[in-house]
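> would you be able to build a 3D model of this:
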Amino acid sequence: MAHLDHFQHLKIQLQVINSATNNFAEENCIGKGGFGKVYLGKFVDGSKGEMLVAWKRLNPEFGQGDSEFWKEIMMLSFYRHENIISLIGYCDDQNEKIIAYEYASKRSLDLHLDTNDLTWIRRLNICIGAARGLEYLHAPSETQLRVLHRDIKSSNILLDDNWNAKISDFGLSKFGPANHILSYLITNKVGTRGYCDPLYEELGFLTKESDVYSFGVVLFEVLCGRLCFGNNKRRPLLGLVRQSYEKNLVNEIVHDSIKEEIEPESLKVFTEIAYQCLNKKREERPSMTQMVEALELAVKCQVKVIRAFNLKKKSLLTSTKPYVILKLTQSSLQCAKKTSVKDKATPEWNEEFDLYVENLDVQCLHICLLNATSRIDDLKVMRSVLAAGKDN
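Numbers count the residues shown, from 1 in each chain. Model prediction:
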């Protein structure tokens, strides 16, 4: 296996992992799945220093072996993106197969669906991050093949300290041609029931639209705050979604923790694109690029817009090359703007700007006036001013 020499720089000695996990002590186990168990432990990287690492220890009795092990290492080595979990290294010693990943401290999305941890804006931002990761896999650079994940589900979307989404678990993924709008592979059916594209389940036809279907299931899990599986107490999610959507009653299946905060237009944009993902005709499903655009629009429909502000403080604006920074006090959105002030004999700053605001009732707008060397003044415009400027 001479081609594996390419990955030797990623190899981690088993004794290092044994030390990091205290010989795979049960108290260090943070998860398990169809591959085996995941352990948390510290690792010292030559360039990054000490870090927490998730160590995935494959159990061959669970059906995954050399093929899935090396496939995941190859995928994560060649395909790097801020919304794809990062590979730290691997171990292939003494019949042990272990993969080391960056540690996602919030763990997987499925654990947070039915909680109050996730506001609607936070749920949207998580969906956007996952969509961008899939967009990258489906439309890579000219030198790379398209990656078909084959197992998109909420438990394979990890979350870091800042709730950024990271797609994980590439052991079942497949390469596909990237230069065709519609291309498919005929392959053995794998994945998780409830998330699988029906066309793929029935005929074995795998396309990038198969991932889109699975992602649509995840979107409705995020909206409804529950997994797609049914049980004795409730029906499977997709049947409920189709019935509610066709009767224009989607608002009735929204998770209770976010029902009151969702703006109707944001809900409309979100559910329309999510429902398109579930279309039985694959050619009528959206691309991941279209998904990103629609989800970003859902965010804009949710937040308030502050427009136009007029600031005249001549005594302050006479400083050398002044500039203004605007920043909201509390927001998970990108909400800062820097703008220059023209140096005139009677200088003033009068500019229209857009800031997307969530939770208007707790926001303040900070206007910081600075020059090249020091802060000149710090103005705090209270919520009443923000409210007055809303949607003008």
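> when you work out contacts or count neighbours from here on, use the C-alpha atoms and nothing else.
Fine.
> so which bits of stretch 255-264 are buried?
Within stretch 255-264, the residues scored as buried using 16 or more other Cα atoms under 10 Å are 255, 257-259, 262.
> which residues does Leu278 contact?
Residues counted as contacts of Leu278 (Cα atoms under 8 Å, 6 or more residues apart in numbering) are 213, 216-217, 285.
> report the buried members of those residues.
213, 216-217, 285.
> next step: those residues restricted to helices.
Of the positions in the buried ones among the contacts of Leu278, 213, 216-217 sit in helices, assigned by DSSP state H.
> just put the buried residues of stretch 255-264 in CSV and tack on distance to Arg150.
Output for these, formatted as CSV (distance: Cα to Cα, whole Å):
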residue, distance to Arg150
His255, 27
Ser257, 31
Ile258, 30
Lys259, 31
Ile262, 31
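> would you map the helices across the protein?
So, for the chain - with DSSP H - the helices run 14-20, 66-78, 120-138, 198-203, 208-224, 237-246, 256-259, 264-277, 288-302, 314-317, 383-389.
> angle of the longest one against helix 264-277?
Here helix 120-138 points in a direction 30 degrees away from that of helix 264-277 (axes from the mean of the first three to the mean of the last three Cα atoms, to 10 degrees).
> what comes up buried for helix 120-138?
Buried-residue list, helix 120-138, by 16+ other Cα under 10 Å: 120-138.
> reformat the buried residues of stretch 255-264 as JSON lines; add pLDDT and distance to Ile167.
Below are these laid out as JSON lines (pLDDT from 0 to 100; distance: Cα to Cα, whole Å):
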{"residue": "His255", "pLDDT": "97", "distance to Ile167": "23"}
{"residue": "Ser257", "pLDDT": "94", "distance to Ile167": "25"}
{"residue": "Ile258", "pLDDT": "95", "distance to Ile167": "24"}
{"residue": "Lys259", "pLDDT": "93", "distance to Ile167": "27"}
{"residue": "Ile262", "pLDDT": "93", "distance to Ile167": "26"}
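> nearest to Glu293, of these?
Nearest to Glu293 out of these is Ile262 (Cα to Cα; 18.7 Å).
> wait, doesn't the closest one sit right on Gln302?
Yes - contact between Ile262 and Gln302 holds when scored by Cα atoms under 8 Å: they sit 6.8 Å apart.
> which residue ranges make up each domain of the protein?
2-102, 107-302, 304-389 (automatic domain parsing).
> can I get stretch 217-225 in PDB? Just the C-alpha atoms.
Extracted in PDB, the C-alpha atoms of stretch 217-225 (Å, rounded to 0.1, in the frame of the first residue of the first chain):
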ATOM      1  CA  VAL A 217     -35.000  15.700   6.500                       C
ATOM      2  CA  VAL A 218     -32.500  17.400   8.800                       C
ATOM      3  CA  LEU A 219     -34.000  20.800   8.200                       C
ATOM      4  CA  PHE A 220     -37.400  19.600   9.300                       C
ATOM      5  CA  GLU A 221     -35.800  18.000  12.300                       C
ATOM      6  CA  VAL A 222     -34.400  21.400  13.200                       C
ATOM      7  CA  LEU A 223     -37.700  23.100  12.700                       C
ATOM      8  CA  CYS A 224     -39.800  20.600  14.600                       C
ATOM      9  CA  GLY A 225     -37.200  19.800  17.300                       C
END
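> what's that stretch in contact with?
113-115, 123, 127, 153-154, 195, 227-228, 237-238, 241, 253-255, 271, 274, 278.
> of these, buried ones?
Buried among these (16+ other Cα under 10 Å): 113-114, 123, 127, 153-154, 195, 227-228, 237-238, 241, 253-255, 271, 274, 278.
> which ones are touching the nearest residue to Gly230 once chain neighbours are set aside?
For Gly230, ignoring the flanking residues on the chain, the nearest one in space by Cα to Cα, 6 or more residues apart in numbering is Pro236 at 3.8 Å. By Cα under 8 Å, 6+ apart, Pro236 lies in contact with 228-230.
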